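Chemist: Sequence below, structure please.
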Amino acid sequence: MKLSALLLLLAGVGARRGTGKLESTREVVGEDVIPLSPPTAPFHMLGSDESYGSPQELGHLQPVAAAAQCRCTSAQCLATVPFDALNTSVHGRLIPVPDELEPCLIHGATSTECKIVLNQTDHEFFYTDQVGGYMHNGLYSSGRRAELGWTLAHKLSANAVAVEEAADVSAAVVFAATHNLRLAVKNTGHDWFGRSGSHPDLEGSLLIWTHKLKKIVWHDAPFVPSQCPATSSVDDAVTVGAGIQFADLYPIAESRGRLVNGGTCTSVGIAGCTLGGCFGSFSQALGSAASNLLQANVVLANGTLVTVSSCSYPDLFWALRGGGAGFGVVIDLTFRTYPTPDRITSVDFHGSIGGDRPAPAIDVQAAAVEVLRAMDVALAAHEGWNGGFGIPTPANPSFSISLTTYNGNQSEGEALLGEIAAWVNAQDPSRKMTGLVTSHVAQRPPTGWSVPGAPEGQVSLPWDDPHHDSEIGTEHLVTMSKWVTRTALHAGPGETGLNAVARALINLTTLANSGWLAQLPTSVNADLMKSQGGARPNAINLFRATSQNPVLLDTVAFLTSQWRVPTFPQLPPSSQVLKTLWPRLQKYAITSQSDPLHEVCVAGAAGNATSAVDCMDGWTARVPKILVELNVLKDEMFRQFPPTHDGAPHWSGSYWHEADYYEPEWQDSFWGAETYAKLLPIKRLYDPRGLFVCHHCVGSESWDSTGNCKI
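Modeler: Sure, this is the predicted structure:
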């Protein structure tokens with residue numbers, strides 16, 4: 001079929017609806033699965049029963065419409081775009097994108113309408129349930145050239161399609177391509193970097209809002225991924241719409257005695273999380289969400305809907321399993337599930353140096369080395385332990401290791417930490433070192449793991465975690481992450497590598513707890529969750545079939561540092577705004593009663609308008625001083641843990657979801673050079689005109705820094 005005829009069909013997609021509707025949140029049990037794409041015809045036009053030929057015959061390698069050098073984002077250009085036609089084709093689902101605090105912008109901060117909204121701003125689902133709601137509202141300027149930061153204080157997308165079925169997505173994609181619009185895709189708005197519409201560069205874009213794609217389908221019969229042989233069947237698979245959040249899925253799975261291994265934060269959307277990898281409490285034992293993906297339905301840049309699996313469009317399927325956003329719009333995903341754990345095993349070590357005296361640097365270094373050695377040993381056992389560790393510093397001489405896993409063996413876990421305990425016990429008494437190994441096994445209660453009473457009406461599970469209020473409605477000061485690798489620990493002769501990494505971590509931790517940063521309750525954290533260095537053999541095999549950064553198989557820790565404060569950048573300073581922010585500001589920004597701003601802020605929050613402005617202006621004036629110290633911390637982290645290069649050892653890398661907005665050499669850092677070299681041609685094949693461009697997504701180097709103009 002000629003491309004012109006194909007476009008006519010796509011333009012009229014609303015006239016004949018497809019049957020792939022994903023309705024509002026509900027559970028479907030059994031084989032009630034709508035076949036969005038028949039096995040014999042992966043390219044199947046929405047709203048039509050006719051099958052089509054190869055990608056080349058469909059114009060798959062051709063643009064839907066000739067693209068201009070820059071996207072249409074200005075008000076003048078957007079005024080010429082026939083959005084009414086799009087609204088007709090999606091049956092009235094084209095909606096405006098108001099700011100999450102729109103009542104305050106319209107009626108003022110002291111209005112009743114604004115107060116109602118402000119009272120909800122420490123609730124995560126307040127943001128995720130709004131088309132214009134975003135969990136993170138910006139990034140402060142670092143004070144460096146070209147690191148100007150951004151905030152949510154701007155007009156958002158021109159319009160959004162609140163999609164309810166795949167046909168809506170197809171219509172929106174074709175419309176955006178035809179009219180040269182910038183396109184953004186959003187479910188919950190958790191993305192740190194504003195990729196889902198909150199960044200100013202996406203002002204005037206067309207937003208595809210997938211939040212209403214809430215169907216959950218459990219497959220009672222063995223599930224066979226598209227085009228795969230029957231021998232590839234998987235029992236107890238589940239298909240979820242792209243709008244599903246972990247809070248929707250986890251309790252239902254647990255009630256069925258099943259576990260879907262995804263992220264821990266319950267308001268996060270499973271689709272966006274999976275595209276970048278998506279790690280949870282049992283990722284070392286069971287693999288990431290990307291590793292457990294069996295199949296997905298995806299709308300491509302030319303508007304066609306395809307079903308992808310390891311046997312159907314295997315290149316695209318591989319890219320979706322960790323390659324980030326930008327390959328298409330996900331409609332739904334099918335995952336492998338696991339039996340809910342019978343037991344959760346935890347093993348901990350807690351040690352200290354020096355008693356009540358300052359810890360000598362030589363003792364701090366020695367203890368840090370032993371912590372890293374113990375982590376290396378624990379992960380090398382490949383028993384699937386998650387957890388984290390703490391490194392001592394002269395100012396804080398405690399050190400620790402925490403391990404937890406799915407159906408773990410308690411005695412084996414205790415043995416893994418036995419060496420560091422023995423080392424502590426063997427030290428000369430003059431060093432005043434203490435240490436103790438403890439362990440615990442939690443058995444699944446007869447009524448299941450779910451416990452009611454979590455925030456915002458959620459249930460609590462051992463493997464999930466409602467967002468902390470430090471992450472809700474916040475502006476980042478800086479974000480960064482790095483993996484610590486086994487290769488780095490073993491670099492050089494003897495214990496050269498161990499000592500080098502120990503010194504680096506001591507230095508980073510010291511920097512993070514000095515000066516202005518000592519007043520902010522965030523530091524450099526080391527955990528095992530976003531790692532696969534201790535993965536069980538089955539999880540390793542699953543990982544190797546994905547596009548996740550191969551450096552993860554070499555990791556002993558994931559370092560992350562997130563510095564953020566609650567803000568409303570859209571609103572001017574006022575007593576009402578400060579009253580809302582103050583409970584969290586005094587926890588995460590102005591933390592001490594001896595702080596000169598504390599008394600001023602208390603008065604402002606109590607109703608003194610002048611004090612409120614002085615408080616908020618005083619914090620704003622302080623931020624550049626904090627950022628000077630954060631820049632030093634970031635430089636040190638990047639110096640100590642550079643990304644992997646061609647032919648170089650696996651020194652480090654960063655996690656695509658949680659990195660530095662200005663990540664240098666991001667292609668190597670997020671995926672490694674070899675993996676990126678495979679991802680880039682797949683991107684160019686399925687999205688040749690860059691319709692799905694986004695910040696530090698595969699292929700974005702072909703666009704300017706805004707993502708709106710082709711280089």
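Chemist: Assign a three-state SS to the nearest residue to residue 566 once chain neighbours are set aside, would you?
Modeler: Leaving aside its chain neighbours, residue 566 sits nearest to residue 584 (4.4 Å; criterion: Cβ to Cβ, 6 or more residues apart in numbering). Yep, even glycine has a C-beta here, placed from its N, CA and C like the rest. Classification of residue 584 by DSSP: H, G, I helix; E, B strand; the rest coil places it in helix.
Chemist: wait, residue 584 sits on residue 564?
Modeler: No - counting by Cβ atoms under 8 Å, residue 584 sits too far from residue 564 to count as a contact (10.5 Å).
Chemist: For the strand or helix carrying residue 540, name the packing helices and strands.
Modeler: In the assignment (DSSP states H and E), residue 540 maps to helix 537-543. Contacts defined by 3 or more Cβ pairs under 8 Å, 6 or more residues apart in numbering; DSSP states H and E place helix 537-543 against helix 283-286.
Chemist: Contacts for whatever helix or strand comes next after the helix it packs on next, please.
Modeler: Next along the chain after helix 283-286, taking DSSP H and E as the criterion, comes strand 293-299. The contact list for strand 293-299 (Cβ atoms under 8 Å, 6 or more residues apart in numbering) reads 20, 36-37, 166, 169-170, 173, 223, 225-226, 234, 237, 239, 274, 305-309, 316-317, 320-321, 327-336.
Chemist: Residue 394: what's it in contact with?
Modeler: With the criterion set at Cβ under 8 Å, 6+ apart, residue 394 makes contact with 358-361, 364, 510.
Chemist: I figured residue 471 was touching residue 135, is that so?
Modeler: Yes - between residue 471 and residue 135 there is a contact under Cβ under 8 Å: 6.7 Å.
Chemist: which of those two has more neighbours?
Modeler: Neighbour tally, residue 471 and residue 135, criterion other Cβ atoms under 10 Å: the higher count belongs to residue 135, 24 against 19.
Chemist: Checking my notes, residue 476 in a strand, right?
Modeler: Yes - read with three-state DSSP, residue 476 is one of the residues of a strand.
Chemist: give the contact list for it.
Modeler: The contact partners of residue 476, taken as Cβ under 8 Å, 6+ apart, are 136, 138-140, 192, 562-564, 661.
Chemist: One more: residue 191?
Modeler: 136, 198, 272, 657.
Chemist: quick one: low-confidence parts of the chain?
Modeler: Along the chain, the parts satisfying pLDDT under 70 run over 1-68, 644-650.
Chemist: My guess is residue 72 contacts residue 177. True?
Modeler: No - Residue 72 lies out of contact with residue 177 (Cβ under 8 Å); the separation is 11.3 Å.
Chemist: re the thing from before, filter the contacts of residue 476 down to just the ones in helices.
Modeler: Nothing among these maps onto helices, per DSSP state H.
Chemist: May I see those residues arranged in a markdown table, with neighbour count as well?
Modeler: Listed next are these as a markdown table, based on neighbours: other Cβ atoms under 10 Å:
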| residue | neighbour count |
| --- | --- |
| 136 | 23 |
| 138 | 23 |
| 139 | 24 |
| 140 | 25 |
| 192 | 19 |
| 562 | 20 |
| 563 | 24 |
| 564 | 25 |
| 661 | 20 |
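Chemist: now the residues you listed in JSON lines, with distance to residue 211?
Modeler: Converted to JSON lines, the contacts of residue 476 look like this (distance: Cβ to Cβ, whole Å):
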{"residue": "136", "distance to residue 211": "17"}
{"residue": "138", "distance to residue 211": "22"}
{"residue": "139", "distance to residue 211": "24"}
{"residue": "140", "distance to residue 211": "28"}
{"residue": "192", "distance to residue 211": "19"}
{"residue": "562", "distance to residue 211": "25"}
{"residue": "563", "distance to residue 211": "29"}
{"residue": "564", "distance to residue 211": "24"}
{"residue": "661", "distance to residue 211": "25"}
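Chemist: which one among the residues you listed gets closest to residue 525?
Modeler: residue 562 (8.5 Å; Cβ to Cβ).
Chemist: so what's the closest residue to that closest one other than its chain neighbours up against?
Modeler: Nearest residue to residue 562, sequence neighbours excluded (Cβ to Cβ, 6+ apart): residue 479, at 5.2 Å. Contact analysis of residue 479 by Cβ under 8 Å, 6+ apart lists 139, 192, 561-564, 658-661.
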